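**Student:** Structure for the following, please:
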Amino acid sequence: MRLLALPDSVRRYIDEGTLSFSHGRALLADPDPAAVAKEVVRRRLSAPATEQLIQRRAEGPRRVWHSRTADTIATEKTLGQRLGLRVRLRLNSHEGGSIMIRFETQAQLDHVAGLLLGGAPLAAAAAA
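**Tutor:** Residues are numbered from 1 along each chain as shown. Just a heads-up that it's a prediction; the model follows:
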């Protein structure tokens, strides 16, 4: 019965067998089921893939990561030399970015944590 709430064009896809009832149930969750149905048919998506598409649409646009620039590369190099570890920067257009510091040993982690915590040992900071 809930499928009757779908637009005529989507119900037609279901009646023709182009889309399944599972597709229809998934489409009920989207504010524009007709537009999504067209994309699903065009891309020949399965019902689970349709659910994923609708979920991604509900989450909104993905972050846009900026490409690596000369400044970004230089900053990575400087930080990496200072820490003695590999550093990677990821900058995005909405929320700033992140710094990834690769370490392989507990001693390297302790060193980075000590620098971030102003010289305090990692164990002392965890106890505080």
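**Student:** ok so residue 52 is a strand residue?
**Tutor:** No: using DSSP: H, G, I helix; E, B strand; the rest coil, the assignment for residue 52 is helix, not a strand.
**Student:** measure it to residue 81 for me?
**Tutor:** 42 Å (C-beta to C-beta, to the nearest Å). In short, each C-beta sits where N, CA and C put it, glycine included.
**Student:** Tell me who's in contact with residue 73.
**Tutor:** Neighbour list for residue 73: empty [criterion: C-beta atoms under 8 Å, 6 or more residues apart in numbering].
**Student:** Where does it fall, secondary structure wise?
**Tutor:** In the assignment (DSSP states H and E), residue 73 maps to helix 70-83.
**Student:** Show me where the chain has its helices.
**Tutor:** 8-16, 21-27, 33-43, 47-59, 70-83, 106-116, 122-127 (DSSP state H).
**Student:** can you put those in CSV and add distance to residue 89 and mean pLDDT?
**Tutor:** Listed next are the helices of the chain as CSV, based on distance: least, C-beta to C-beta, whole Å; pLDDT from 0 to 100:
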stretch, distance to residue 89, mean pLDDT
helix 8-16, 44, 95
helix 21-27, 38, 95
helix 33-43, 34, 95
helix 47-59, 24, 91
helix 70-83, 5, 91
helix 106-116, 15, 89
helix 122-127, 23, 53
